[in-house]
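Novice: Pasted the sequence and its predicted model underneath.
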Amino acid sequence: MLLSEKVAIIYGGGGPIGAAIAQAFEREGAEVFLAGRTKAKLETVTEPDHTYQVDALDESSVNDFVGKVVARSGRIDITCNVIGVGDVQKPLTELSLDEFLQPITNAMRSHFITARAAVPHMIEQRSGVILAFGGNGPQTLPGLGGFKIALDASRDCAASGPSSSASTTSGS
């Protein structure tokens, strides 16, 4: 049980990627808390008392959620953000500036807010992992707009890591 006695938070836990991560973490022994916009979807993944309706783009909502997890479990070992970033996929010539920026802004905002909420607890316990869903490499596909940039920015942001003792990892 690789994650025995570890506490994990997954933002976007009701989606297919978040649900798969949650199930894998639970199989490995972690206590998993899911955050998402639709509580009913989260409750199909794990126990209802481990699901919370949270907007990962809202700093107050995330901070309240993290406080509840820490009050209940005493720690946060893993924070994982796999929210949908609202990407608009169509040809560049048909994409507005707002549509292009939306996934970049949503990804960076949510990763910053969720990581910053967890890091003080990770520093205090002198350990922790921040997982960010991001891209890698020069490949891209037509019509991705700002989505590929958002993935790469998430990877680069996570790779730079905090200046604390908490470690950072980027997943793709």
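Specialist: Received, thanks. Numbers count the residues shown, from 1 in each chain.
Novice: What segments of the protein are helices?
Specialist: Taking DSSP state H as the test, the helices found in the chain are 16-27, 39-43, 59-73, 97-125, 147-160.
Novice: Sort out which residues of the first one are buried, please.
Specialist: Neighbour counts over helix 16-27 (16 or more other Cβ atoms under 10 Å) mark I17, G18, A19, I21, A22, F25, E26 as buried. (Each C-beta comes from the backbone N, C-alpha and C, glycine too.)
Novice: so what secondary structure elements neighbour that helix?
Specialist: Other helices and strands packing on helix 16-27, by 3 or more Cβ pairs under 8 Å, 6 or more residues apart in numbering; DSSP states H and E, are strand 7-11, strand 31-36, strand 78-81.
Novice: can you list those in TSV and add mean neighbour count?
Specialist: Putting those into TSV (neighbours: other Cβ atoms under 10 Å) gives the following:
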stretch	mean neighbour count
strand 7-11	26
strand 31-36	26
strand 78-81	26
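Novice: Without its sequence neighbours, what residue ends up closest to V88?
Specialist: Using Cβ to Cβ, 6 or more residues apart in numbering and skipping residues adjacent in sequence, the residue nearest V88 is E99, 4.0 Å away.
Novice: And the one you found, how far from P91?
Specialist: Look at E99 and P91: by Cβ to Cβ, to the nearest Å, they are 11 Å apart.
Novice: Of these two, give the one with the bigger neighbour count.
Specialist: E99 (16 against 9; other Cβ atoms under 10 Å).
Novice: residues contacting that one?
Specialist: E99 makes contacts with V88, K90, G145, G146, as judged by Cβ atoms under 8 Å, 6 or more residues apart in numbering.
Novice: Now, of those residues, which are buried?
Specialist: V88, G145, G146.
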